[in-house]
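Participant: coordinates for the following, if possible.
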Amino acid sequence: MRSKKIGVAMDIALFFFMLLIIGTVLFVAGNPENYFLNVIYLLITFLLVIITYFTNIVTGLIFNMLFIFGQLIYLLYAYLYQDSFTYWSILWLVLPSLYSVTIYFVTVAIRNLEIANLNLKKEKVFNSLDADTQLRTLNLFDDDFRALKQLPARYDLPLSMLIIRVRHWDSMKSMLSADQAREIVKLVTTILEEPHTQESFKYIIDHNTPTWGVVCFSKSSDVKTLRAQVKEQFGETVRQHVELSTLNLELVTGVTSYDESEMQTSTDFLADGIRELQYDV
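Facilitator: Residues are numbered from 1 along each chain as shown. Here you go, the predicted model:
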């Protein structure tokens, strides 16, 4: 609704700006005897419009006042020493300010529209996050992969992924209470939000068999170091946890690196990471 109002305001401002341009063209064309002076005033007016656009309305109006002051001096000189005065010159006292104010409203409308679109995109991403963990979902992983896979070749960057699961989850979940299961998911998610994983994209891939994915621009050796840190922190936290310390909890992980020739889709990339889980014994 707000975007619609901003769009209407911008349309009105643009329409008024076009009316000013048409009126100015007709005015200049209707005064051929003052054509040269009109062109000079017109160029100065558009210079003032550019100043207003790239600064702000206050700066634009200050320069407009200086221009008006210069015009008044010229009009006074022409009237006193050349005995010439035409009513068309009064219009140029008003036109530059009208242009500046109009372009200011156009600029404000454009910026507000950009902000509204940015907020809409943020809201869309937020709504796409997983409700329980606030991590990115599998759908976002598919969208991100289309952009991320272009970067390794373009900028010579390594692209790797760490897949994380809880070992023996399928056989263990029947012995877990709902609160314990939620606590384990929360625990792993919290660890992934630690500073050592900030430069990465974090996903919750599956809830039935809790599966997390961490995608980062790092070599597989660096991701293996990250894997060791996550496992160590998970083990320490579980041992200190009141509800989980009695359980034999351990993470199983897989590390894969993006290969353009073998991984055409996000599914290929993800499947390779999950396949690597079997080698973590």
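Participant: could you pull out the strands in this protein for me?
Facilitator: Assigned by DSSP state E, the strands in the chain fall at 160-166, 201-206, 211-216, 251-257.
Participant: show me the contacts for the residue nearest to residue 28 when sequence neighbours are not counted.
Facilitator: With sequence-adjacent residues excluded and distances taken as CB to CB, 6 or more residues apart in numbering, residue 28 is closest to residue 38, at 4.6 Å. In this view, the C-beta of every residue, glycine as well, is placed from N, C-alpha and C. Residues in contact with residue 38, defined by CB atoms under 8 Å, 6 or more residues apart in numbering, are 27, 28, 31, 92.
Participant: if we use 10 Å, what do you get?
Facilitator: 24, 27, 28, 29, 30, 31, 32, 88, 89, 91, 92 (CB atoms under 10 Å, 6 or more residues apart in numbering).
Participant: pretty sure the third one sits against residue 42.
Facilitator: What that stands for is residue 28. Yes - using CB atoms under 10 Å, residue 28 is in contact with residue 42, at 6.6 Å.
Participant: the longest helix in the protein is where?
Facilitator: Identified as the longest helix of the chain according to DSSP state H is helix 88-128.
Participant: quick one: mean pLDDT over that one.
Facilitator: Throughout helix 88-128, pLDDT has a mean value of 77.
Participant: counting contacts, what elements does it pack onto?
Facilitator: helix 2-29, helix 35-54, helix 57-81, helix 138-148 (3 or more CB pairs under 10 Å, 6 or more residues apart in numbering; DSSP states H and E).
Participant: looking at these, which is nearest to residue 206?
Facilitator: helix 138-148 (7.6 Å; CB to CB).
Participant: next one: that closest one to chain centre, how far?
Facilitator: 16 Å (CA atoms, centre = their mean, to the nearest Å).
Participant: could you do stretch 45-63 as well?
Facilitator: So, by CA atoms, centre = their mean, the centroid of stretch 45-63 is 28 Å from its chain's centroid.
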